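Chemist: here is my input, please return the structure:
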Amino acid sequence: MGADAAIDIDAATALYADGVDGTVGLEEEFMLLDPDTLDLVPRFEELRDATPQDPVLDASIAGELIRTEVEIRSGRGVDLADAIARQRDHRARLFARAAALDIALGATGTHPWDDYRDQQFIDTEHYRRVVEGLRWVARRNTTFSLHVHVGIRDADRAIAVCDRLRPVLPMLLAISANSPFVDGVETGLHSIRTQTFTKTFPRCGVPDHFGSWQAFADYLRLLVDTDSVQEYTQVWWSVRPHIAFGTVEIRICDAQSTAAESEALAALIVACALQAARDHDEGRPFAPPPPRLVEENLWRAIRDGRSGRLVDWDARAEYPASAAADRLLEWTAPVRAEQGIDPVFPALNGAQRLIGRIADGASAVESFSAAVAETLTTYPSPVVVSGDTGDTDQRT
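Modeler: Alright, predicted model coming up:
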């Protein structure tokens, strides 16, 4: 099979050439739960097809391999505020439909006690191909995430942004860690989702430094020519150029238990992508760190999240992971000032709250129940942040 039969490099190049910096798309994944037991329930198709039909919601709902998961998408926003406004509307519609069907929606990176061996897959040709190719790896992947697309003009600039975001990925993961439990076990890790997803899926985790669109395109052609992939969605890097949309997609974060945290993360990610593009345009020096160093920080983020320490490799010194957000806010200050982006994060992230409840004597069920309550009280309606005067105010 020729490369262009599955992945149209020329069309992707043209799409980036006509692209616009700063368009934003948000994708949030939720688990489908029995409201009484909080067990996962395989009701995706029922939720998707429920009547009365809502064309807006129907266009924004997507499946994600397993029947116990639903993804809600903002679509293309002209900027961050527009994407958040769209997503708030889509969330409200999704949660209303789920409630009408007596389905609760949860948002942590993993379900604490689900048995992955019981998972059922969505029955489509695409997902049958995924399961056939990944086998046990597909079954093991009961995970939930936040994905953010940022429009970047020009294919070479998109690759430059991806390259510059590689060392940022562990920092974003530390901030977003929200999955300390899996298989009925308190794992001791703050993001077991990252360990079970990025460390088991092929073509996943932190990508290589490519340096140019030509190098990346050659890699894609090689994958197709050797029958390693049949479509681009089989490239699961934690940051990747999404060639169907002309965006840079950042996929490193755990799902967030509150809407405010999800929006703050999205805002920070958008700022990081746009600042990386600005730094590239202005010729700011960038020495790509070797994979072994990025992986070291990624492991630290997986293990301890915001409670641990990351490494500043230039300074050859550790720093508290709790300072990662401040470091990224400082770096992105020029772009954020122009875009009006000012994300605020709580004192404790999702993993810290889940683990903290256990330390205070709660059971895993009680800790997870509190997280589900956070989700059910913050996502169904527009989030009100400090200074808002109404639902139409979309500052973040």
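Chemist: show me where this protein has strands.
Modeler: Along the chain, the segments classed as strands by DSSP state E run 24-33, 61-64, 66-73, 104-106, 145-151, 181-182, 185-186, 204-205, 236-237, 239-242, 247-254, 309-312, 317-320.
Chemist: now the angle between strand 66-73 and the longest one, please.
Modeler: Looking back up the chat, that one is strand 24-33. Strand 24-33 and strand 66-73 are oriented at 150 degrees to each other (axes from the mean of the first three to the mean of the last three CA atoms, to 10 degrees).
Chemist: so for strand 24-33, what's the average pLDDT?
Modeler: Averaging pLDDT along strand 24-33 gives 98.
Chemist: what's the angle between that strand and strand 145-151?
Modeler: Interaxial angle, strand 24-33 versus strand 145-151 (the same axes, to 10 degrees): 170 degrees.
Chemist: where does Leu293 land on pLDDT?
Modeler: In this prediction, Leu293 carries a pLDDT score of 97.
Chemist: so what's the residue count around the nearest residue to Ser322 once chain neighbours are set aside?
Modeler: Excluding the flanking residues, the one nearest Ser322 by CB to CB, 6 or more residues apart in numbering is Arg306, at 5.0 Å. (C-beta placed from N, C-alpha, C; glycine too.) When counting by other CB atoms under 10 Å, one arrives at 25 neighbours for Arg306.
Chemist: isn't Arg306 up against Ala323?
Modeler: No - with contacts counted by CB atoms under 8 Å, Arg306 stays clear of Ala323, the gap being 9.3 Å.
Chemist: Leu329 versus Ala160, what's the distance?
Modeler: Using CB to CB, to the nearest Å, we find Ala160 at a distance of 22 Å from Leu329.
Chemist: okay, these two: which has more neighbours?
Modeler: For Ala160 versus Leu329, neighbours defined as other CB under 10 Å are more numerous around Ala160 (23 against 18).
Chemist: if I pick that one, what's in contact with it?
Modeler: 276-277, 280 (CB atoms under 8 Å, 6 or more residues apart in numbering).
Chemist: hmm, 6 Å instead?
Modeler: Listed by CB atoms under 6 Å, 6 or more residues apart in numbering, the contact set of Ala160 reads His280.
Chemist: for Gly25, which non-adjacent residue is closest in space?
Modeler: Leaving aside its sequence neighbours, Gly25 sits nearest to His149 (CB to CB, 6+ apart; 3.7 Å).
Chemist: report the contact partners of the closest residue to Ala215 other than its chain neighbours.
Modeler: Nearest residue to Ala215 in three dimensions, chain neighbours excluded: Ile159, at 7.7 Å (CB to CB, 6+ apart). For Ile159, the contacting residues are 210, 213, 216, by CB under 6 Å, 6+ apart.
Chemist: per-residue pLDDT, Ile159?
Modeler: 98.
Chemist: ok, now how distant is it from Cys204?
Modeler: Taking CB to CB, one finds Ile159 at 18 Å from Cys204.
Chemist: cool, and Leu65?
Modeler: Separation of Leu65 from Cys204 (CB to CB): 14 Å.
Chemist: and what of Ile358?
Modeler: 29 Å.
Chemist: okay, the two: which has more neighbours?
Modeler: Taking neighbours as other CB under 10 Å, Ile358 and Cys204 compare with Cys204 leading, 18 against 15.
Chemist: who's in contact with that one?
Modeler: Taking CB under 6 Å, 6+ apart as the test, what Cys204 contacts is 198, 236.
Chemist: list the contacts of Ile289.
Modeler: Wrong residue type there; residue 289 is Pro, not Ile. Per CB under 6 Å, 6+ apart, neighbours of Pro289: 167, 313.
Chemist: got the phi/psi numbers for it?
Modeler: Pro289 adopts backbone torsions of phi -70, psi 150, taken as degrees, to the nearest 10.
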